[in-house]
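[1] 3D, please:
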Amino acid sequence: QVQLVESGGGSVQAGGSLRLSCAASGFTYSSRCMGWFRQAPGKEREGVAQISTGSTWYADSVKGRFTISQDKARNTLYLQMNSLKPEDTAMYYCAADFRPWPGVYAYWGQGTQVTVSS
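    All right, here's what the predicted structure looks like:
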């Protein structure tokens, strides 16, 4: 059974940094796809960053500020978020799938809240 547990969220002032972690069990990173998504109140969930077999994808709104990475030995996915803006405030979710670049991910974590104040 695949389980994803996010951590690392919190409150930070604009311009600050946070690093989100996603610990995975029942799932390994080789030839798989994982990603970070976010959902702000009243808005649809959107993709933030994805990684599959070494290739990455970023939403335009976070390019140059966020970095997705993985530690295969620890089975953990990370999202380093720098130069945070108030519009980055959202619940952030980790997602995983056994297919490369799926349109809809099969597995989701519970989310971790990120709040950026101006």
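[2] okay, now G26: neighbour count?
    For G26, the number of neighbouring residues by other C-beta atoms under 10 Å comes to 11. For every residue, glycine as well, the C-beta is placed using N, CA and C.
[3] going forward, the N-terminal residue is numbered 242.
    In the new count, where the first residue is 242, that last one comes out as G267.
[4] okay, now the residue lying closest to it once chain neighbours are set aside: neighbour count?
    Computed as C-beta to C-beta, 6 or more residues apart in numbering, the closest residue to G267 that is not its neighbour in sequence is V243, at 4.3 Å. Counted with other C-beta under 10 Å, residues neighbouring V243 total 14.
[5] ok, G295 next?
    G295 - counted by other C-beta under 10 Å - has 7 other residues nearby.
[6] quick revisit: pretty sure the residue nearest to G267 contacts A337?
    Yes: using C-beta atoms under 8 Å, V243 is in contact with A337, at 6.3 Å.
[7] can you tell me which residue sits nearest the middle of the protein?
    The centroid of the chain falls nearest to W277 when counting by C-alpha atoms, centre = their mean (2.4 Å).
[8] wasn't that one part of a strand?
    Yes: W277 forms part of a strand when assessed by DSSP: H, G, I helix; E, B strand; the rest coil.
[9] against I309, how distant is it?
    Between W277 and I309 the computed distance is 6 Å (C-beta to C-beta, to the nearest Å).
[10] any shared contact partners between these two?
    Contact criterion C-beta atoms under 8 Å, 6 or more residues apart in numbering; residues shared by W277 and I309: A290, Q291, L318, L320.
[11] now restrict the residues you listed to buried residues only.
    A290, Q291, L318, L320 (16 or more other C-beta atoms under 10 Å).
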